[in-house]
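J.: Model the structure of this input:
(2 chains)
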Amino acid sequence: MIQALTIPVLVLGTTGFLLAAVVVALDAIVASRIPSDDLVSAVDDLLPQTQCAQCGYPGCRPYANAVVNGESTALCVPGGEETHQALTKLLDRPEDNATLAEPLELTARIQEEECVGCGLCLDACPVDAIIGAPQFLHTILESHCTGCELCVSPCPVSCIELVEPS
Amino acid sequence: MTDLFVLFVGAALVSNFVLVQLLGLCPFMGTSNRMETAVPMGIATICVITISTVVSNALNQFVLVPLDLEFLRIITFIVVIAAVVQLVERYVRFASPLLHQLLGLYLPLITSNCAVLGVALSVADLPLANALAVGVGAGVGFCLVLVLFAGLRVNLNHSSVPQAFQGAPIALITVGLIALAFAGFRGIF
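T.: From the prediction side, this is the model:
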């Protein structure tokens, strides 16, 4: 009776333990290869979180990761000079004289006669600059638009274009 | 070699785990809303099904059968699947935090995808190479169907559907039609 119980328990316990050990070991290896999460989070907190990808990275957190690994701190377009200063101060880097990334002098505009009111651009906008309800015409608040282009590709009828702000 | 290819095609198309055996419908419906989630989810599922099928097949052949413990199959396989999912989840978090955020809960939920356990159980008694072929085939089949359906579903959003059928009903009807189309693959062997 006892033996009939011990063997299954031992087999299952060993399997579980070994697999858990593999996961933990891999976790430790991965943790030693990525920079400490705290520093990345601190850098990430200073970024504007618009996820505009104008720095060339897919979002703010990937850019924070790259900055910790030695990428220039001057690439954040929406953040501008202020973010640049804050980042160099946090990371204690010498003020690099790299030219600050220029903000795009463009804002998005919806060509109103073509908009079908699908609402896909509403979800894409990181700064909530697009107003409108599903099945109705949308429009973009020029004062809030950062020109990040994230609304351009989701539009099924390609009615969003980037223009000089009026 | 031909045997393995036949097993692969059989698992991917002829007895597709989603459309013919109706396993794993929850992640299938849940992550097919958008192409951006469907493709990585399909790839993650291929990895999980392949690795967990091979590991649990080896475990069954070399540990459970010799010790006469085949009644422990389901619970051991689930432990294996959970561990593999944890590995894949960590890899995705390491490789692409954005993707990790996008998939959210669905990534750890691969553990409870019954297609994964279904494949592992159905090939437990086959030789290792055959199990690998079926595992890869089942994963590829899942990914293929998921991506196909996501493509259709994106178009469904823009078509005018009668009010009563909007959302889940028309999606399920579409799955049924794809399943009918997949029934045609039965004739290829």
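J.: Report pLDDT for whatever residue of chain B ends up closest to chain A.
T.: Residue nearest to chain A within chain B: B:Ala83 (3.6 Å; Cβ to the nearest Cβ). For the C-beta atoms, the positions are set from N, CA and C on the backbone; glycine is no exception. Reported pLDDT at B:Ala83 in the predicted model: 93.
J.: Give me every residue in chain B lying close to chain A.
T.: B:59, B:63-64, B:67, B:69, B:72, B:75-76, B:79-80, B:82-83, B:86-87, B:90, B:94, B:97-98, B:157-158 (Cβ under 8 Å from any Cβ of the partner chain).
J.: check contacts around the closest residue to the residue of chain B closest to chain A other than its chain neighbours.
T.: Spatially, and ignoring its direct neighbours in sequence, B:Ala83 is nearest to A:Leu19 (3.6 Å; Cβ to Cβ, 6 or more residues apart in numbering or on different chains). Contacts for A:Leu19 (Cβ atoms under 8 Å, 6 or more residues apart in numbering or on different chains) come out as B:Val79, B:Val80, B:Ala82, B:Ala83.
J.: Okay, and which of those residues map to helices?
T.: Among these, the members falling in helices are B:Val79, B:Val80, B:Ala82, B:Ala83 (criterion: DSSP state H).
J.: Help me confirm that the second one comes into contact with B:Asn57.
T.: By that I understand B:Val80. No: between B:Val80 and B:Asn57 there is no contact under Cβ atoms under 8 Å: 9.8 Å.
J.: what sits in contact with each of these two?
T.: B:Ala120.
J.: tell me which element the residue nearest to B:Ala83 is part of?
T.: Taking DSSP states H and E as the definition, one finds A:Leu19 inside helix A:2-33.
J.: Pull out the buried positions in that helix.
T.: A:Pro8, A:Val11, A:Leu12, A:Thr15, A:Gly16, A:Leu19, A:Val23 (16 or more other Cβ atoms under 10 Å in any protein chain shown).
J.: mean confidence for it?
T.: Mean per-residue pLDDT for helix A:2-33: 86.
J.: ditto for stretch A:94-101
T.: Mean predicted lDDT for stretch A:94-101 stands at 65.
J.: again with stretch A:150-164
T.: 84.
J.: Wondering if it reaches chain B at all.
T.: Yes: applying Cβ under 8 Å from any Cβ, one finds stretch A:150-164 touching chain B at A:Pro156.
J.: Remind me which helix or strand A:Ala108 belongs to.
T.: Applying DSSP H and E, one finds A:Ala108 within strand A:107-110.
J.: on contacts alone, who are the packing partners of that strand?
T.: Packing partners of strand A:107-110 (3 or more Cβ pairs under 8 Å, 6 or more residues apart in numbering or on different chains; DSSP states H and E): strand A:139-140, strand A:160-163.
J.: Put together a markdown table for the ones you listed, with mean neighbour count on each row.
T.: Formatted as a markdown table, these follow (neighbours: other Cβ atoms under 10 Å in any protein chain shown):
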| stretch | mean neighbour count |
| --- | --- |
| strand A:139-140 | 16 |
| strand A:160-163 | 16 |
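J.: Would you mind giving those as TSV with distance to A:Ala86 added?
T.: TSV is the format used below for the helices and strands packed on strand A:107-110 (distance: least, Cβ to Cβ, whole Å):
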stretch	distance to A:Ala86
strand A:139-140	29
strand A:160-163	28
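J.: Look up phi and psi at the residue nearest to B:Ile81 when sequence neighbours are not counted.
T.: Once flanking residues are discounted, B:Ile81 sits nearest to B:Ser52: 4.6 Å by Cβ to Cβ, 6+ apart. For B:Ser52, the backbone dihedrals (degrees, to the nearest 10) come out as phi -70, psi -30.
J.: Thought B:Ile78 was touching B:Ser52, still the case?
T.: No: B:Ser52 lies out of contact with B:Ile78 (Cβ under 8 Å); the separation is 9.6 Å.
J.: Chain neighbours aside, what residue packs nearest to B:Tyr179?
T.: Wrong residue type there; residue B:179 is Ala, not Tyr. B:Leu19 (4.2 Å).
J.: What separation is there between B:Leu117 and A:Pro154?
T.: 36 Å (Cβ to Cβ, to the nearest Å).
J.: circling back to that earlier point, of the buried residues of helix A:2-33, which pair is most distant in space?
T.: Pairwise distances among those were taken by Cβ to Cβ; the largest, 22.7 Å, belongs to A:Pro8 and A:Val23.
J.: ok, now which ones touch B:Phe142?
T.: Neighbour list for B:Phe142: B:Asn16, B:Phe17, B:Val18, B:Gly24, B:Phe28, B:Gly42, B:Thr45, B:Ile46, B:Ile49, B:Ala115 [criterion: Cβ under 8 Å, 6+ apart].
J.: Pretty sure it sits in a helix.
T.: Yes: looking at B:Phe142 with DSSP: H, G, I helix; E, B strand; the rest coil, it is inside a helix.
J.: what's the neighbour count on the residue lying closest to A:Gln135 once chain neighbours are set aside?
T.: Distance criterion Cβ to Cβ, 6+ apart; nearest residue to A:Gln135, sequence neighbours excluded, is A:Gly117 at 4.7 Å. Residues lying near A:Gly117 (other Cβ atoms under 10 Å in any protein chain shown) number 11.
J.: Grab the most central residue of chain B for me.
T.: Nearest to the mean C-alpha position of chain B, counting by Cα atoms, centre = their mean, stands B:Phe142 at 4.4 Å.
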